[in-house]
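1. Here is my input; please provide its structure:
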Amino acid sequence: MIFGRVKPLDAILATAKAKSLEPTLGWFQLTLFGIGCVIGTGIFALTASGAQKAGPGLMLAFAIAGAICIVAALCYAEIAAMIPVAGSAYTYTYSVMGEFLAWTVGWALVLEYAVAASAVSVTWSDYFQGTVIREFLGLQMPSWLSAGPLAFGGSPGGFINLPAVVIAGFVTWLLVVGTKESARFNAVLVAIKVTALTAFLILTLPRVEMARFNPFLPAGVFGGFGTGIGAVGAAATIFFAYVGFDAVSTAAEETKNPQRNVPIGLIGSLLFCTVFYILVAAGAIGTIGGTPIMGPNGIPFPAGSEELARQCALPQYADALVCSKEALAHVLRAIGFSTIGNMLGIAAFVALPSVILILIFGQTRIFFVMSRDGLLPEGLSKIHPKYKTPYVVTLITGAVVALSAAFLPVGKLADIANAGTLYAFMMVAIAVMMLRRTEPNRERKFKTPLLWLVGPLTIAGCIFLFVNLPFEAMLVLPAWGLIGVVIYYAYSYRNSHLGRGIVTVTDLDNHPDQTPAA
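-> Below you'll find the model as predicted:
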């Protein structure tokens, strides 16, 4: 049976034990690490898209998405501390629910990482064009080189987003030649992002006008199944702004007193970021307004749609928050702080490539592990003779990221990425609950508190957000999954190492351990 192919947990844990790390992180360091991972492209990119979906209700949307992230993070932390090896949710599922479901999770993670990297590339392009090209150089890129086609939600006259393609290609090249960020360099980028957003709050909050928050929910709390609008529809999109928390969960192995410090670090960082995001949304909307552009039926035009792009090209909406491609810098310029707005734009321009690098790196490692398991062709895990990096899968990933960034707007890309993310997080919650029943005596450095409640809440929350994505984004996951099922039955099932009697536990730092299958 396909579902009976479960990778032995003993083999996976043996690898984890052999490369276990010294626990050095306290709750404060873990909280700061979480803040640095979560504050990223989502808040720079999705403020405009979220406002178009929910208006001032964007603040409620951040709270909803943050709450669901907290319960998901607690589930993620237990299994990440228990199975701290490469492969993330894919490996977790393989060890509990078997090869077929693990394949579906890995396939969903491929969608998540690649499309998210495309979304960040588009955001970088927007800040590059708005701040560097227009504000500093006084130039304007030709419309056909600066955005995707109007039919895909780009801009009138758009054909290809060339800067997004260039930055995706540049980051891919860096990964091929083996360049990695140092912890110190990453800390500097985190400081730049947090400082920029703090300056935004200092300048905008004193200028907030309460009248701009009325009506607070112009599209309601629920915009309707498949519409992707309303506060919950916006929450489904801006969930993208929080997904860096999984990096905090995987640090559980390195945490002192994890049962106490992991929940403090996870919940503390997510609460901080949620409040921070709500204040940023309040500052943006309260100063220049965030009312959606309504269609003839009184319903907001879909974010990232051709109809909205046409409206945003009209003079009366030139300064609207929902039409801005660099929302936070645009707000500061609109209230008379052009210089600081440009500095915020530069902060995003400098910091966002590191996010693209992390996402493409994560994507290639998922592909790498699946290839090492025999579920994808072995050639994908081929190592460059000079640079010692998995260059084949890196180049393929970079090409897909660049292609998506070339033609699609950031809002659509975020929705598609969230579809894969929500499925993976749901499967992690199921795996944690199953492991509690099937392996009750296994060592757990961290145990999710009230799992009987937190686990089902995670599953329900992920499904809840998924069904509030735009209908076309919901369709992407089953369509992508169907392609994956065809590949699995056509290739992976026959070539699986586990199916052939070999258990491969991937350790990206050393050679994989191979043990006979039981």
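
2. And for residue 325, the neighbour number?
-> For residue 325, the tally of surrounding residues (other C-beta atoms under 10 Å) stands at 21. C-beta here means a position set from N, CA and C on the backbone, and glycine is covered the same way.

3. Likewise for residue 59?
-> Neighbour count for residue 59, taken as other C-beta under 10 Å: 23.

4. OK, contacts around it?
-> Residue 59 makes contacts with 278, 281-282, 285, as judged by C-beta atoms under 8 Å, 6 or more residues apart in numbering.

5. So which of these are in helices?
-> Counting by DSSP state H, the contacts of residue 59 place 278, 281-282, 285 in helices.

6. would you list these in CSV and tack on neighbour count?
-> Formatted as CSV, the ones in helices among the contacts of residue 59 follow (neighbours: other C-beta atoms under 10 Å):
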residue, neighbour count
278, 17
281, 26
282, 21
285, 27
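
7. And residue 121, how far from residue 50?
-> Distance, residue 121 to residue 50, by C-beta to C-beta, to the nearest Å: 19 Å.

8. meant to ask about residue 198, not that
-> Separation of residue 198 from residue 50 (C-beta to C-beta) stands at 20 Å.

9. Which residue of the two possesses the greater neighbour count?
-> A side-by-side neighbour count of residue 198 and residue 50, using other C-beta under 10 Å, places residue 50 first with 36 against 13.

10. what about the more buried one, which helix or strand?
-> helix 47-54 (DSSP states H and E).

11. So residue 455 sits against residue 429, correct?
-> Yes: applying C-beta atoms under 8 Å, one finds residue 455 in contact with residue 429, separated by 5.0 Å.

12. Find the residues that touch each one of these two.
-> residue 75.

13. okay, those two: which has more neighbours?
-> When neighbours are counted by other C-beta under 10 Å, residue 429 comes out ahead of the other of residue 455 and residue 429, with 27 against 24.

14. buried stuff in the strand or helix carrying the more buried one?
-> Residue 429 belongs to helix 410-438 when assigned by DSSP H and E. Buried residues in helix 410-438, counted by 16 or more other C-beta atoms under 10 Å: 410-433, 435-436.

15. tell me which residues in the helix or strand hosting residue 171 are buried?
-> Here residue 171, judged by DSSP H and E, is contained in helix 162-177. Of all the residues in helix 162-177, those buried under the rule 16+ other C-beta under 10 Å are 162-169, 171-172, 174-176.

16. With distance to residue 244 added, can I get those residues in JSON lines?
-> Output for these, formatted as JSON lines (distance: C-beta to C-beta, whole Å):
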{"residue": "162", "distance to residue 244": "28"}
{"residue": "163", "distance to residue 244": "24"}
{"residue": "164", "distance to residue 244": "21"}
{"residue": "165", "distance to residue 244": "24"}
{"residue": "166", "distance to residue 244": "24"}
{"residue": "167", "distance to residue 244": "19"}
{"residue": "168", "distance to residue 244": "19"}
{"residue": "169", "distance to residue 244": "24"}
{"residue": "171", "distance to residue 244": "17"}
{"residue": "172", "distance to residue 244": "21"}
{"residue": "174", "distance to residue 244": "20"}
{"residue": "175", "distance to residue 244": "19"}
{"residue": "176", "distance to residue 244": "24"}
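
17. In JSON lines: those residues, plus distance to residue 350 and pLDDT.
-> Shown next, in JSON lines, are these (distance: C-beta to C-beta, whole Å; pLDDT from 0 to 100):
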{"residue": "162", "distance to residue 350": "20", "pLDDT": "93"}
{"residue": "163", "distance to residue 350": "15", "pLDDT": "94"}
{"residue": "164", "distance to residue 350": "16", "pLDDT": "93"}
{"residue": "165", "distance to residue 350": "19", "pLDDT": "95"}
{"residue": "166", "distance to residue 350": "16", "pLDDT": "95"}
{"residue": "167", "distance to residue 350": "12", "pLDDT": "94"}
{"residue": "168", "distance to residue 350": "17", "pLDDT": "93"}
{"residue": "169", "distance to residue 350": "18", "pLDDT": "93"}
{"residue": "171", "distance to residue 350": "14", "pLDDT": "90"}
{"residue": "172", "distance to residue 350": "19", "pLDDT": "90"}
{"residue": "174", "distance to residue 350": "15", "pLDDT": "86"}
{"residue": "175", "distance to residue 350": "19", "pLDDT": "85"}
{"residue": "176", "distance to residue 350": "22", "pLDDT": "87"}
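
18. Measure how buried residue 441 is and give me the count.
-> With other C-beta under 10 Å as criterion, residue 441 counts 5.

19. Could you list the low-pLDDT ranges of this structure?
-> 1-4, 11-24, 37, 41, 84-88, 179-187, 245-254, 503-518 (pLDDT under 70).

20. And the helices in the stretch 251-400 of the chain?
-> Remark: helices assigned in the stretch 251-400 of the chain by DSSP state H, counting those that start in this stretch are 258-288, 306-312, 327-334, 338-372, 391-407.

21. For the first one, which helices and strands make contact with it?
-> Right, helix 258-288. On a contact count with 3 or more C-beta pairs under 8 Å, 6 or more residues apart in numbering; DSSP states H and E, helix 258-288 meets helix 27-38, helix 41-45, helix 47-54, helix 58-82, helix 183-204, helix 245-249, helix 327-334.

22. rewinding a little: from the buried residues of helix 162-177, which is closest to residue 262?
-> Nearest to residue 262 among the buried residues of helix 162-177: residue 175, at 29.7 Å, using C-beta to C-beta.

23. looking at it, that closest one is touching residue 357, isn't it?
-> Yes: with contact defined as C-beta under 8 Å, residue 175 reaches residue 357; the gap is 6.7 Å.

24. who touches residue 126 in this structure?
-> Neighbour list for residue 126: 45, 325-326, 410 [criterion: C-beta under 8 Å, 6+ apart].

25. my bad, should have said residue 145
-> Counting by C-beta under 8 Å, 6+ apart, residue 145 has contacts 159-162.

26. Which of these has the largest number of neighbours?
-> Most crowded among the contacts of residue 145, counting by other C-beta under 10 Å, is residue 161 at 32 neighbours.

27. how far away is it from residue 143?
-> Distance, residue 161 to residue 143, by C-beta to C-beta: 11 Å.

28. Run a quick neighbour tally on the closest residue to residue 44 other than its chain neighbours.
-> Leaving aside its sequence neighbours, residue 44 sits nearest to residue 348 (C-beta to C-beta, 6 or more residues apart in numbering; 4.9 Å). When neighbours are defined as other C-beta under 10 Å, residue 348 has 26 of them.

29. isn't residue 93 right next to residue 100, touching?
-> No: with contact defined as C-beta under 8 Å, residue 93 does not reach residue 100; the gap is 9.6 Å.

30. Those two: who's more crowded?
-> Using other C-beta under 10 Å, the more surrounded residue of residue 93 and residue 100 is residue 93, with 28 against 20.

31. Surely residue 438 touches residue 96?
-> Yes: applying C-beta under 8 Å, one finds residue 438 in contact with residue 96, separated by 7.3 Å.

32. So which residues make contact with stretch 399-414?
-> Outside stretch 399-414, the residues that touch it by C-beta under 8 Å, 6+ apart are 42, 45-46, 49, 52, 114-119, 121-123, 125-126, 147-149, 152-154, 160-162, 164-165, 168-169, 172, 237-238, 240, 303-304, 309, 325, 356, 360, 473.
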